[in-house]
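Q: Just to be clear, the model below is a prediction. Sequence and coordinates:
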2 protein chains.
Amino acid sequence: MEKILLGHGSGGKLMHRLISAIIAPSLGIAELGDAAVMDDVAGLQGRIAFTTDSYVVSPLFFPGGNIGELAVNGTVNDLAMVGARPLWLSSGMIIEEGFPTDSLRTILSSMAAAACSAGIRIIAGDTKVVDKGKGDGIFINTAGIGLVPAGVELGPTRILPGDVVLVSGHIGSHGVAVMAERNGLSFDPPVVSDTAALNGLVADLLAAVPGAVKMMRDPTRGGVATTLKEIAGESGKCVELAEGALPVLGGVRGACELLGLDPLYVANEGIFLAIVDNAAADTALDVLKRNALGRNAARIGMVREADQRSAGMVLLKTLIGGTRIIDMLAGEQLPRIC
Amino acid sequence: MEKILLGHGSGGKLMHRLISAIIAPSLGIAELGDAAVMDDVAGLQGRIAFTTDSYVVSPLFFPGGNIGELAVNGTVNDLAMVGARPLWLSSGMIIEEGFPTDSLRTILSSMAAAACSAGIRIIAGDTKVVDKGKGDGIFINTAGIGLVPAGVELGPTRILPGDVVLVSGHIGSHGVAVMAERNGLSFDPPVVSDTAALNGLVADLLAAVPGAVKMMRDPTRGGVATTLKEIAGESGKCVELAEGALPVLGGVRGACELLGLDPLYVANEGIFLAIVDNAAADTALDVLKRNALGRNAARIGMVREADQRSAGMVLLKTLIGGTRIIDMLAGEQLPRIC
């Protein structure tokens, strides 16, 4: 089979062949029943975390990755952000009729490699096929289950004035890589997506400074600006950013100027923001920097006490000494970035 | 907002407004963080069941339901089929730019009503928007988590010769209802989808004849024929069906003749097949019939000892005394039925 046909979504012979010959072995799914039945919960400890994301990135293949690893890493990261150890993943695919089977294989093997590297098991799957012109190649939904260990308590209510804002790496790489691919641009050195599973890096951080991490969030759609604005709003505090401290690769900065984008609003897929107690911030930064995924981590801002006017605000101290009020992304900067 | 715009999927202000004003309140999702964090597993007993399905039904609204309740009921049923009590559901929506917000509201409230009625909580969600012409109104993925109580052991290896095949209701209604709507046909009396959550009916059955239920499966895509063929194949037994025992509504039978469909291959969304120990079959049937969702339940076949030739076969004893070999659905009978 060189292309996916409508019949591959029928529930009949063609679908069984597609699933048993390609999808299940690629993803390492053993059982093909209605639902996967897992461990007795008696062997587990903690609170269950549950998350879902659909991936509609266009194009499907971009410098540094493809929709398959994005779909695994993105959901693993959503679990990691609430302090959960990722356990199990589901994969729901909506494939457009005529999609090349070879591309499907490549995407599946990227998913499997990403899951293996993140230490999460893909245990449930579903495949649907839609008529040509009613989809766009392939859309992938993943849902993830994780366990939050006892003692890990994260959330905006824990944020206090004086807390430090850390970012675990360069900002803006994913969005620029996808946008460049979409527009046929190439940069030297090339800009590649930062897509990566962050659960290992997060585990390092939580182990090193337990209790000092107040909240984490990965700045995907809407970028660092929108995510910090969410954090400021949910905590009722004011977040002050130092423009000069923001880690941006030269290639990304140049591309943003060319494309008219602000790196603060560009999507990321392999970094996270952490609000950390000031007393533990240096240790936290050191721990991040010792991990390859966090080697470009930086202290980028601070939480300030807010009055009625500044509660929920994000302020950027610019390089030239001014102050810019940072709002959420309005409208659409980069559609279908993840 | 009357229509969904690309910006509603951007991660920015428009998306926050869509989610906080429409999606989260409609579905009753309280927290809008990266992942929902639930109960301590110490309070839970059993094994975790996990399943996912994407729903791409066309048209979105059909007699007897819409894609919203289908997306909830279908995933609840996949949990129920492995004997799990449904706990939590995620909802991932891929919306086509230009989709009417009113239709979205209707679908969301159907999801909420179906979840409430099935006793499952929607706790995680995601919303993506794709460009006009790159989707088809709305696709919905749901993933579900349930708990299989200790002592519930279901699976094809438990099936023995002499076991009885029960079906919990009329076959073929969902597929015919969708097909009729798609083709602008109407029947008198109208044929409506059987979409329903089966977890209550399954709970009745498992409580009444614990241990006697060997395996359950809901015959969705591919219909009763394909599902029984799966069961025969997985168990290595031969399943014998009695054509005269198959419960089919007159309207469905007539519509199938008109449309050239075989009710055995038509999708269902509110019935299930159960393989039950012969000694408990009468009790099981009585229990099903006492529940409104199972009032048309019937004994439709038997499991036979198989030799090398007949292992994995499904045989239909026809009304005129012949025997027809039933195979899986080949190719595509009814695309995008769920």
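A: Nice, thanks for sending it over.

Q: how about residue A:307, secondary structure?
A: coil (DSSP: H, G, I helix; E, B strand; the rest coil).

Q: do the same with residue A:18
A: Assigned state for residue A:18: helix (three-state reduction, three-state DSSP).

Q: neighbours around it, how many?
A: Neighbourhood size, residue A:18 [other C-beta atoms under 10 Å in any protein chain shown]: 22. Placement of C-beta: from N, CA and C, glycine included.

Q: thought it was touching residue A:128?
A: No. Contact criterion C-beta atoms under 8 Å: residue A:18 and residue A:128 do not qualify, at 11.4 Å.

Q: Can the helix-or-strand element of chain A with minimal mean pLDDT be said to contact chain B?
A: Sorting the helices and strands of chain A by mean pLDDT, DSSP states H and E puts strand A:36-40 at the bottom, at a mean of 82. Yes. Interface with chain B: strand A:36-40 contributes A:36-40 (C-beta under 8 Å from any C-beta of the partner chain).

Q: Let me have those residues in JSON lines, adding neighbour count as columns.
A: Output for those, formatted as JSON lines (neighbours: other C-beta atoms under 10 Å in any protein chain shown):
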{"residue": "A:36", "neighbour count": "24"}
{"residue": "A:37", "neighbour count": "25"}
{"residue": "A:38", "neighbour count": "19"}
{"residue": "A:39", "neighbour count": "11"}
{"residue": "A:40", "neighbour count": "13"}
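
Q: Tell me which two in those residues are the farthest apart.
A: Greatest spacing in the residues of strand A:36-40 next to chain B, by C-beta to C-beta: A:36 and A:40 (14.0 Å).

Q: what does the stretch 201-338 of chain A put close to chain B?
A: Close to chain B, as judged by C-beta under 8 Å from any C-beta, the stretch 201-338 of chain A has residues A:217-218, A:220-223, A:226, A:230, A:265, A:267, A:327-336.

Q: Which ones among the residues you listed map onto strands?
A: Among these, the members found in strands (DSSP state E) are residue A:217.

Q: and residue A:37, what is it in contact with?
A: Neighbour list for residue A:37: B:47-49, B:82, B:84, B:148 [criterion: C-beta atoms under 8 Å, 6 or more residues apart in numbering or on different chains].

Q: Please indicate which of the residues you listed has the highest neighbour count?
A: Neighbour counts for the contacts of residue A:37 peak at residue B:84, which has 29 neighbours (criterion: other C-beta under 10 Å).

Q: Surely residue A:131 and residue A:4 touch.
A: No. Counting by C-beta under 8 Å, residue A:131 stays clear of residue A:4, with 11.3 Å between them.

Q: sorry, back to before: among the residues of the stretch 201-338 of chain A next to chain B, which ones are buried?
A: For these, a neighbour count by 16 or more other C-beta atoms under 10 Å in any protein chain shown gives the buried set as A:217-218, A:220-223, A:226, A:230, A:265, A:267, A:328-329, A:332-336.

Q: what about the residue nearest to the spatial centre of chain A, which helix or strand?
A: The centre of chain A sits closest to residue A:74, judged by C-alpha atoms, centre = their mean, with a distance of 3.6 Å. Residue A:74 is part of helix A:67-81 when elements are defined by DSSP states H and E.

Q: quick one: is that helix near chain B?
A: Yes. Residues of helix A:67-81 contacting chain B under C-beta under 8 Å from any C-beta: A:77-79, A:81.

Q: Touching stretch A:239-254 from outside, list them.
A: Outside stretch A:239-254, the residues that touch it by C-beta under 8 Å, 6+ apart are A:165, A:167, A:169-173, A:176, A:187-191, A:224, A:228, A:231-232, A:256, A:263-264, A:266, A:296-304, A:313-319, A:326.

Q: Tell me the buried residues in that stretch?
A: So for stretch A:239-254, counting by 16+ other C-beta under 10 Å, buried means A:239-243, A:246-249, A:251-252.

Q: Out of those, which one has the weakest pLDDT?
A: Minimum pLDDT for the buried residues of stretch A:239-254 is recorded at residue A:251 (93).

Q: mind listing the strands for the stretch 51-200 of chain A?
A: Remark: strands assigned in the stretch 51-200 of chain A by DSSP state E, counting those that start in this stretch are A:61-62, A:65-66, A:85-96, A:121-130, A:138-148, A:164-167.

Q: re earlier: within reach of chain A, which of the contacts of residue A:37 are there?
A: Filtering the contacts of residue A:37 for neighbours of chain A using C-beta under 8 Å from any C-beta leaves B:47-49, B:82, B:84, B:148.

Q: Adding pLDDT and distance to residue A:159 as columns, could you present the residues you listed in CSV?
A: Putting the ones next to chain A among the contacts of residue A:37 into CSV (pLDDT from 0 to 100; distance: C-beta to C-beta, whole Å) gives the following:
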residue, pLDDT, distance to residue A:159
B:47, 93, 38
B:48, 93, 32
B:49, 95, 36
B:82, 96, 41
B:84, 97, 38
B:148, 95, 39
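
Q: what are the phi and psi values for residue A:215?
A: phi -170, psi 150 (degrees, to the nearest 10).

Q: From residue A:164, how far off is it?
A: In this view, residue A:215 and residue A:164 are 12 Å apart by C-beta to C-beta, to the nearest Å.

Q: Equivalent analysis for residue A:13, please.
A: Using C-beta to C-beta, residue A:13 is found at 59 Å from residue A:164.

Q: Specify which residue of those two has the higher count of neighbours.
A: Remark: of residue A:13 and residue A:164, residue A:164 carries more neighbours, 22 against 18, as counted by other C-beta under 10 Å.

Q: Please name the nearest non-neighbouring residue to that one.
A: Spatial nearest neighbour of residue A:164, chain neighbours left out: residue A:281 (4.0 Å); criterion: C-beta to C-beta, 6 or more residues apart in numbering or on different chains.

Q: Show me which residues of the strand or helix carrying that neighbour are buried.
A: Here residue A:281 sits within helix A:281-290, counting by DSSP H and E. Applying a neighbour-count criterion of 16+ other C-beta under 10 Å, one finds A:281, A:284-285, A:287-288 buried in helix A:281-290.

Q: Fine by me, thanks again.
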